[in-house]
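Engineer: quick one, structure for this:
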Amino acid sequence: MREGFVYPFTAIVGQDEMKLALILNVINPTIGGVLVRGEKGTAKSTAVRALADLLPDKDVHDCPFRCRPGRAENLCPYCAERMGKGDAPNLITARMEVVELPLSSTEDRVAGTLDLEHAIKTGTKRFEPGVLAKANGNILYIDEVNLLDDHIVDLLLDSAAMGKNYVEREGVSFTHPSKFILVGTMNPEEGDLRPQLLDRFGMASDVKSEKDVESRVEVIRRRLDFDKDPGSFVKRYESDQNEMKERILRAEKLMESMSVEDDALKMAVEASLYFGVDGHRADITLIKAASAYAAFYGRDTTTKEDVASIANLVLTHRMRRTPFQESTIDAEELSNWLKNI
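Structural biologist: Residues are numbered from 1 along each chain as shown. The predicted model follows:
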């Protein structure tokens, strides 16, 4: 367990859709991240920080980008150069971290900067890593993502999609791996994201406070217990946490041999067409999410039932809106349509 105490992921009451979306992005990070929308005090930040504690430590290179050993495309220029010379970088064990992006971040702070003077004088590149370097192999968390400048959100989403960060200044360029699980949280009352940016998030979950009296009482009881004696509280959920860790690891292994039935592909396409979702990104993401869902439940074949189970998290934030609609279309029609197909 990490130093200090993190509120256990499995101790969070309710918010099942949000927790599922986060877990599926761990199983398959290429889904494209999660946007969590909801009022304050609905465990959004708690869930994101707790997620990292579910993930195992990893072996990485001792470099500024914490490169994962293995394929060349996972290496930064420094590690690639050393490997080319037959000098294997040192390996260290690193914890999965939640890297938070401040709202005041500039482009240079996010992407990193190149020292042009050094490049001109010496002919070699000197790169000052930014947030995207630190995020490589970790969870990149943006609270109040709707208040972040659009061009910064674009930069983050581009890196999330490509798995790389590309920086160019005055003809000098530098590229490094930047593969991370992107999680954005926001309160819709403070403004929304542009549809073009909404579409770039693989999944979206709308969360609300618990309405059931017993559930709300349990939320309070668990929080008070954690604040009073965090060590004892974490110990109480140790078995549940370990079980969830093992389940995620098994699902990641199943993804290596996952197959997709034709009926699942057809349902993904028909759902996107019926609800007027433009482009092919939603179709592809829906299949990726459905496959992760199947793996999470111990199966190596993706069926149309898996697509139906996860479609709400992939499609509702992408549905077309009329000029007079302030929020995305309600998921009820999508749910009814999927039941009848």
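
Engineer: where does the stretch 151-300 of the chain dip in pLDDT?
Structural biologist: Applying pLDDT under 70 to the stretch 151-300 of the chain flags no residue at all.

Engineer: quick one: the helices in it?
Structural biologist: Assigned by DSSP state H, counting those that start in this stretch, the helices in the stretch 151-300 of the chain fall at 195-198, 213-228, 230-236, 238-255, 262-274, 281-296.

Engineer: out of these, nearest to Pro56?
Structural biologist: The closest of the helices of the stretch 151-300 of the chain to Pro56 is helix 238-255. By Cβ to Cβ, the value is 6.9 Å. Where C-beta positions appear, they are placed from N, C-alpha and C, glycine not excepted.

Engineer: tell me how many other residues crowd Leu286.
Structural biologist: Look at Leu286: counted by other Cβ atoms under 10 Å, it has 29 neighbours.

Engineer: wait, what's in contact with it?
Structural biologist: By Cβ atoms under 8 Å, 6 or more residues apart in numbering, Leu286 lies in contact with Ala268, Ala271, Ser272, Val307, Ile310, Ala311, Val314, Leu315.

Engineer: from Ser272, how far off is it?
Structural biologist: Going from Leu286 to Ser272 by Cβ to Cβ, to the nearest Å gives 7 Å.

Engineer: before we move on, back to that, which of the helices of the stretch 151-300 of the chain sits most buried?
Structural biologist: Most buried of the helices of the stretch 151-300 of the chain, by mean neighbour count (mean count of other Cβ atoms under 10 Å): helix 281-296, with a mean of 24.

Engineer: C-terminal to that one, what's the next element?
Structural biologist: Counting by DSSP states H and E, the next helix or strand C-terminal to helix 281-296 is strand 301-302.

Engineer: so which residues make contact with that next one?
Structural biologist: Contacting residues not belonging to strand 301-302 are listed as Met258, Ser259, Val260, Glu261, Ala264, Ile287, Ala290, Ser291, Tyr293, Ala294 [Cβ under 8 Å, 6+ apart].

Engineer: what about the strands in the stretch 51-200 of the chain?
Structural biologist: Using DSSP state E, counting those that start in this stretch, the strands assigned to the stretch 51-200 of the chain run over residues 58-61, 91-94, 98-100, 113-114, 127-128, 139-143, 164-169, 172-177, 181-186.

Engineer: mean neighbour count added to the ones you listed, as CSV?
Structural biologist: As requested, the strands of the stretch 51-200 of the chain are exported to CSV (neighbours: other Cβ atoms under 10 Å):
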stretch, mean neighbour count
strand 58-61, 18
strand 91-94, 12
strand 98-100, 17
strand 113-114, 18
strand 127-128, 18
strand 139-143, 24
strand 164-169, 17
strand 172-177, 18
strand 181-186, 25
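
Engineer: for Ile31, find the nearest of those.
Structural biologist: strand 181-186 (8.9 Å).

Engineer: can you give me how far that closest one is from the chain middle?
Structural biologist: On the basis of Cα atoms, centre = their mean, to the nearest Å, strand 181-186 sits 6 Å off its chain's mean C-alpha point.

Engineer: for it, name the packing helices and strands.
Structural biologist: With contacts defined as 3 or more Cβ pairs under 8 Å, 6 or more residues apart in numbering; DSSP states H and E, the packing partners of strand 181-186 are helix 16-27, strand 34-38, helix 44-52, strand 139-143, helix 150-162.

Engineer: could you redo the last one with a cut-off of 7 Å?
Structural biologist: The contact analysis (3 or more Cβ pairs under 7 Å, 6 or more residues apart in numbering; DSSP states H and E) places strand 181-186 against helix 16-27, strand 34-38, helix 44-52, strand 139-143.

Engineer: would you reformat those as JSON lines and include mean pLDDT?
Structural biologist: JSON lines is the format used below for the helices and strands packed on strand 181-186 (pLDDT from 0 to 100):
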{"stretch": "helix 16-27", "mean pLDDT": "91"}
{"stretch": "strand 34-38", "mean pLDDT": "87"}
{"stretch": "helix 44-52", "mean pLDDT": "84"}
{"stretch": "strand 139-143", "mean pLDDT": "88"}
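
Engineer: many thanks, have a good one.
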